[in-house]
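Asker: Pasting the sequence and the predicted coordinates here, then a few questions.
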Amino acid sequence: MTYIENSIAALQLQGYKVTTPRISVLKVLDECVHPVSSYEVHDLLGKKSGINVVTIYRVLDLLQSLQLVHRVASLSKTGYMKCHLSDFSGCHHLLVCRKCYGIQEFAAPDFCRKSMKVPPTMEFEPEGHLYEIIGLCKSCLSVTP
């Protein structure tokens, strides 16, 4: 199943309508290699789409809540990217290369269980977390002096 087909199925499963703005944003994210901001999505859709930036923000928020996209905050600009692990319903983590801005996504249930443990004295019930691990990818490591 393609990313767009999987996303449509997830939207329908949760009772959301499959609207033109949602499909349009999914198509842009499916084609992008690097994270894109809401404004970049707007620019890529073009003025003819008639979809404004506020609608794009709402679509991205919904897609993020369904784990169909990830919000990448550790780059110089915040952006969104499609989820590559849609088959895995647990937490997803990102390895972000600070040099080429490449991103790898991985899932590690044991890592999640440990990181979600909060000392009882904190009186806090965690519901989720996001990890972006910043460093150098294999390609950039090989060219770094």
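Answerer: Thanks, I have the structure now. Please read all numbers here as calculations on a predicted model, not as lab measurements.
Asker: show me where the chain has strands.
Answerer: Applying DSSP state E to the chain gives strands spanning 69-72, 79-82, 93-97, 103-106, 131-135.
Asker: Next, the angle from the third one to strand 131-135.
Answerer: Angle between the axes of strand 93-97 and strand 131-135 is 20 degrees (criterion: axes from the mean of the first three to the mean of the last three CA atoms, to 10 degrees).
Asker: which regions of the chain lie under the pLDDT threshold?
Answerer: For the chain, the stretches with pLDDT under 70 are 76-77, 86-90, 144-145.
Asker: and with 80 instead?
Answerer: 74-78, 84-93, 108-116, 126-131, 143-145 (pLDDT under 80).
Asker: Quick check on Thr19: phi, psi?
Answerer: In terms of degrees, to the nearest 10, the main-chain angles of Thr19 are phi -100, psi 160.
Asker: follow-up on the earlier one: of the strands of the chain, which stretch is the most buried?
Answerer: Each of these was scored by mean neighbour count; the highest is strand 79-82, a mean of 22, by mean count of other CB atoms under 10 Å. C-beta: built from backbone N, CA, C; applies to glycine.
Asker: Counting by contacts, list what that strand packs against.
Answerer: Helices and strands touching strand 79-82, as assessed by 3 or more CB pairs under 8 Å, 6 or more residues apart in numbering; DSSP states H and E, comprise helix 20-31, helix 38-45, helix 53-65, strand 69-72.
Asker: Now Leu62. Nearest residue, chain neighbours left out?
Answerer: Nearest residue to Leu62 in three dimensions, chain neighbours excluded: Tyr16, at 6.9 Å (CB to CB, 6 or more residues apart in numbering).
Asker: where's that neighbour relative to Gly50, distance?
Answerer: Going from Tyr16 to Gly50 by CB to CB, to the nearest Å gives 20 Å.
Asker: one step back: how many neighbouring residues does the residue nearest to Leu62 have?
Answerer: 14 (other CB atoms under 10 Å).
Asker: what about it, distance to His70?
Answerer: 19 Å.
Asker: Just send the helices and strands packed on strand 79-82 back as JSON lines, with distance to Met1 too.
Answerer: Putting the helices and strands packed on strand 79-82 into JSON lines (distance: least, CB to CB, whole Å) gives the following:
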{"stretch": "helix 20-31", "distance to Met1": "13"}
{"stretch": "helix 38-45", "distance to Met1": "23"}
{"stretch": "helix 53-65", "distance to Met1": "16"}
{"stretch": "strand 69-72", "distance to Met1": "17"}
